[in-house]
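> Take a look and give me a structure for this.
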Amino acid sequence: MTAPSAHASFRLTRRSLLLGLGATAILGRSRVAFAQAPGERRLVVVLLRGGLDGLHVLAPYGDPHHATLRRAIALPEPGREGGLLDLGGRFGLHPALANLHAMFRAGEAVLLHAVAAPHRSRSHFEAQDLLEGGGERLISSGWLNRALQAMPMEGAVRPGLAVGTAVPLLLRGAAPVGAYWPAGMDRPSPDLMHRLAALHDAEPLLGPSFREGMRARGFTDQTLGQEREPERESFPRLAAAAGRLLAEAQGPRIAALDLGGWDTHALQAPRILTPLRALDAGLAALRTALGAHWAQSVVLVVTEFGRTVRVNGNAGTDHGTAGVAFLAGGAVAGGRVVTDWPGLAPGALFEGRDLQPTTDIRAVAKALLAQHLGLRPHAVAQAFPGSDSVAPMGGLLRG
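Just a heads-up that it's a prediction; the model follows:
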């Protein structure tokens, strides 16, 4: 089937979403939210829900403790069969991220390690809310929405629209954004189903019913890392649609997408392949759909926390602290791994189990608001209250 043109796609979205300042779409385990801002620079934030294992996807194979701690899930070094993709020594990228690696080699991606938000919560829900809120305590609005409030908007601002789901906290606040759930895509996510099943597992009546229902619908395949094709394709298709909308002359300039599936407590090596491939294909689709506008775009990829340094007894990893963040786009001064590497020696680990955080993700986000979107210092401070001691990181963007 031929993909609709960007113009046709945007007209359809305007009619169905009443797109004014923004729109949100939910598709499988992926979601996108739009917000309009002036100018030609684009910013996309991709939230990886579940806690991506940064030590697995951006492996510090040059660290002398890495192979021992990672055991069976450690990938071979660059140059070996099935090995990591070379990043110039010491660090290697997971081979499922070939498109991101190509962006890195083209100088369009920066890979950041030992990154964390200021909170130290290992609860998914609390950590995600703190990450999207942008503070050290829970806030009812998102840092990107507060940034939007400081931007001069062009044209009339229409009321927000929510159909079937809420806008991510990242874009909630005084600046209205719309919400949309595509017709026919209203199935519960596999993550939600697994959580419900775990919650009711001990119940003598509900437990067996949930297990049988999930078995009948094929959810067992996902537990084994064999997710069905529609789920694998949803994020790339959604990212492509986001890119087409962002490329429109009168379209949005800011988008937030999310992708689940990163909570890899068991069988991590096979289970992580599906979301990694979806993320990689989505970044490539976004780049293609943006076309010439990619040169003025930045994509920030973040997750709520990293995972434990040591592998658990189920060949997986548990909730941790520091992890990774990625920047991609033509406006990025890329081709670098940026980290103040703390090392994996036993005495260097956070609470004896996690990668020690050395970079505050707010420094990265502040740089994008100030140096890419051109917000003034007071507006950046408004987006991240209580963060006066955290300066925007320099050198991430071209020019």
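
> What segments of the protein are strands?
Ranges of strands in the chain, per DSSP state E, are 22-27, 30-35, 42-48, 58-59, 85-89, 91-93, 109-116, 254-259, 297-303, 323-328, 336-338, 359-360.

> so which of those strands comes closest to residue 176?
Nearest of the strands of the chain to residue 176, taken as CB to CB: strand 22-27 at 7.1 Å. C-beta: built from backbone N, CA, C; applies to glycine.

> And the residue nearest the centre of the protein?
Among the residues of the chain, residue 47 comes closest to the average C-alpha position under CA atoms, centre = their mean, at 2.7 Å.

> That one pairs with what?
Legend: beta-bridge partners of residue 47 under DSSP bridges are residue 258, residue 302.

> Does it touch residue 260 like I think?
No - checked against CB atoms under 8 Å, the pair residue 47 and residue 260 is beyond contact range at 9.2 Å.

> Now do the contacts for residue 67.
Residue 67 is in contact with 61, 74, counting by CB atoms under 8 Å, 6 or more residues apart in numbering.

> How many neighbouring residues does residue 98 have?
Neighbour count for residue 98, taken as other CB atoms under 10 Å: 15.

> how close does it sit to residue 283?
To residue 283, residue 98 is 11 Å away according to CB to CB, to the nearest Å.

> What is the neighbour count of the closest residue to residue 304 other than its chain neighbours?
Excluding its sequence neighbours, the residue lying closest to residue 304 (CB to CB, 6 or more residues apart in numbering) is residue 127, at 3.8 Å. Other residues near residue 127 come to 22 when the count uses other CB under 10 Å.

> any weak-confidence spans in the stretch 1-150 of the chain?
Residues of the stretch 1-150 of the chain meeting the criterion pLDDT under 70: 1-32, 34-38.

> just the helices in it please.
6-17, 54-57, 66-70, 98-105, 124-133, 143-149 (DSSP state H, counting those that start in this stretch).

> Please identify which of those helices is closest to residue 382.
With CB to CB, the closest approach to residue 382 among those belongs to helix 143-149: 5.5 Å.

> follow-up on the earlier one: so which of the helices of the stretch 1-150 of the chain comes closest to residue 243?
With CB to CB as the criterion, residue 243 lies closest to helix 6-17 of the helices of the stretch 1-150 of the chain, at 8.4 Å.

> would a markdown table of the helices of the stretch 1-150 of the chain with distance to residue 334 be doable?
Below are the helices of the stretch 1-150 of the chain laid out as a markdown table (distance: least, CB to CB, whole Å):
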| stretch | distance to residue 334 |
| --- | --- |
| helix 6-17 | 25 |
| helix 54-57 | 17 |
| helix 66-70 | 24 |
| helix 98-105 | 6 |
| helix 124-133 | 23 |
| helix 143-149 | 22 |
